[in-house]
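Undergrad: Need coordinates for the below:
(2 chains)
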Protein chains: 2
Amino acid sequence: MLTKADIARLRSLREKKHREALGLFVVEGEKVIAELLAENFPLLEIYATPDSALVGKATAVTPAEMARISHFPTPRSALAVGRITRPALESGELARGLTLALDDVQDPGNVGTLLRIADWFAFDRVLCSPECADLFSQKVINASMGSFRRVRVITPPLAIALSEAARTNTPVLGCDLGGAPVHTLAPLRDAVIVIGSEGRGLSPAVRALVTQFVTIPQYGRAESLNAAIAAAIVADNIRRLQK
Amino acid sequence: MLTKADIARLRSLREKKHREALGLFVVEGEKVIAELLAENFPLLEIYATPDSALVGKATAVTPAEMARISHFPTPRSALAVGRITRPALESGELARGLTLALDDVQDPGNVGTLLRIADWFAFDRVLCSPECADLFSQKVINASMGSFRRVRVITPPLAIALSEAARTNTPVLGCDLGGAPVHTLAPLRDAVIVIGSEGRGLSPAVRALVTQFVTIPQYGRAESLNAAIAAAIVADNIRRLQK
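TA: Sure thing, here's the model as predicted:
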């Protein structure tokens, strides 16, 4: 049985300002919570309804209580609370391996899908500009299909972070309709791949720091591809060319 | 000023059974409707609010009326009605060019995105199994970003259509985690690429007709990629290898 204060606190985590104030985020779903437990991911609180396989490892709540604390219109059978951690960019870090940088990608479904892509292609880190959808929102966590916990995500002012790439002569690839075809890129071991916002593309400050524009060859007449689709195709080509 | 009967009829088109009964679908948004008009796409009715650039070419409606007829929670400034056409698969057609086949892809956003991908990569046609999200639902049309009108979409029983591919010795590629790496496919001029449903993958009847399984090489730890992401990467590799 949850207190009114518990319910109010868990519901408040739907909003970024409350998540930041408390340093807490919510993750929902039996499968992902079971995976987090198996990995000893630090979860501060776990709630489960009687039909959940997690019920022995969680505080039991009624379906009505779960509906009140859930961040989704259709609640899952389990909900957990974790502590927000925000790693800082280390000096010289961008010179090592592959970085996916998101320049104001505002749709949380896109940000979550991009984390899943970064995880699939083993990117070393993801940079999210402060205007991106919040990593700890439920929609991002949900769309990442569990990848949120495996990807190192840093949220720096993006132009400052990319200046750091310039200092170490790390290539910064910008996805843009006018770039060189991604099929014929030179092999890259270390690189930053920047994806612009859905509506406006790359911001001027970020564009100025791009060392090479790449484009996905177009064969038909669609005007553009979705940001996550473009990132996935570029990532696949970069990994293919590394061999 | 719309009559009650008009409003009821336009609202009823939110449901597939009413769209099928009337043979009509709705498309919303000033940009896409202007493009359709510029291409002489046959639109039977056009409605626009006073702030729309289409107001001279449309029946004027108030924002309140638009809110009632719109299929979206947040209505656009223009709405048009078109006639549903459902082309039939021609004999031997699958032996010519590239076909994207969707095996019970149920999320309308995924189906719309897949139409956009088929358009970008100039697929000759898309086959949607009858259990796929309905092509003429507003979410599919919206997610296709205008591509719905440029892609030839056929909705046959998929296993029967793929038997037709077998008859003409056309390769049927199935996207599956256990397939051959897509990077090293032999060049294909004519092929069917089959994408399974989000949850269950390829259905057994379709799987039995696949001549070659392909997979996207995985470098990290995400369990899977979204259906549209997988289709886009396979399409990019097939087009690259055709050169």
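
Undergrad: all strands of chain A, in order?
TA: A:24-28, A:43-48, A:59-60, A:78-83, A:98-102, A:125-128, A:153-154, A:172-181, A:191-195, A:212-215 (DSSP state E).

Undergrad: Let's have these in a markdown table, adding mean pLDDT, distance to chain B and mean neighbour count.
TA: From N, CA and C alone the C-beta is placed, and that goes for glycine too. Formatted as a markdown table, the strands of chain A follow (pLDDT from 0 to 100; distance: least, Cβ to the nearest Cβ, whole Å; neighbours: other Cβ atoms under 10 Å in any protein chain shown):
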| stretch | mean pLDDT | distance to chain B | mean neighbour count |
| --- | --- | --- | --- |
| strand A:24-28 | 97 | 16 | 22 |
| strand A:43-48 | 97 | 19 | 18 |
| strand A:59-60 | 96 | 28 | 14 |
| strand A:78-83 | 97 | 19 | 22 |
| strand A:98-102 | 98 | 9 | 26 |
| strand A:125-128 | 98 | 12 | 24 |
| strand A:153-154 | 97 | 14 | 20 |
| strand A:172-181 | 93 | 9 | 18 |
| strand A:191-195 | 98 | 13 | 26 |
| strand A:212-215 | 97 | 12 | 18 |
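
Undergrad: Spell out which parts of chain A neighbour chain B.
TA: Residues of chain A lying near chain B by Cβ under 8 Å from any Cβ of the partner chain: A:113, A:116-123, A:145-147, A:150, A:183, A:216-226, A:228-229, A:232-233, A:236-237, A:239-240, A:243.

Undergrad: Give me the ChimeraX select line for those residues, limited to the buried ones.
TA: To isolate the buried ones among the residues of chain A next to chain B in ChimeraX, judged by 16 or more other Cβ atoms under 10 Å in any protein chain shown, type:
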select /A:113,116,117,118,119,120,121,122,123,145,146,147,150,183,216,218,219,220,222,225,226,228,229,232,233,236,237,239,240
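
Undergrad: The residues of chain A next to chain B in helices, which ones?
TA: Among the residues of chain A next to chain B, the ones falling in helices (DSSP state H) are A:113, A:116-120, A:228-229, A:232-233, A:236-237, A:239-240.

Undergrad: Disregarding residues adjacent in the polypeptide, which is nearest to A:Glu20?
TA: A:Ile84 (7.4 Å; Cβ to Cβ, 6 or more residues apart in numbering or on different chains).

Undergrad: Likewise for A:Arg149?
TA: That would be A:Phe41: by Cβ to Cβ, 6+ apart, it lies 6.0 Å from A:Arg149.

Undergrad: Return the set of buried residues in stretch A:34-45.
TA: Neighbour count says stretch A:34-45 has A:36, A:43 buried, by 16+ other Cβ under 10 Å.

Undergrad: Next, the distance between the ends of it.
TA: End-to-end distance for stretch A:34-45, by Cα to Cα, to the nearest Å: 13 Å.

Undergrad: which residues make contact with that stretch from outside it?
TA: A:24, A:27, A:33, A:46, A:53-54, A:57, A:59, A:80-83, A:146, A:149 (Cβ atoms under 8 Å, 6 or more residues apart in numbering or on different chains).
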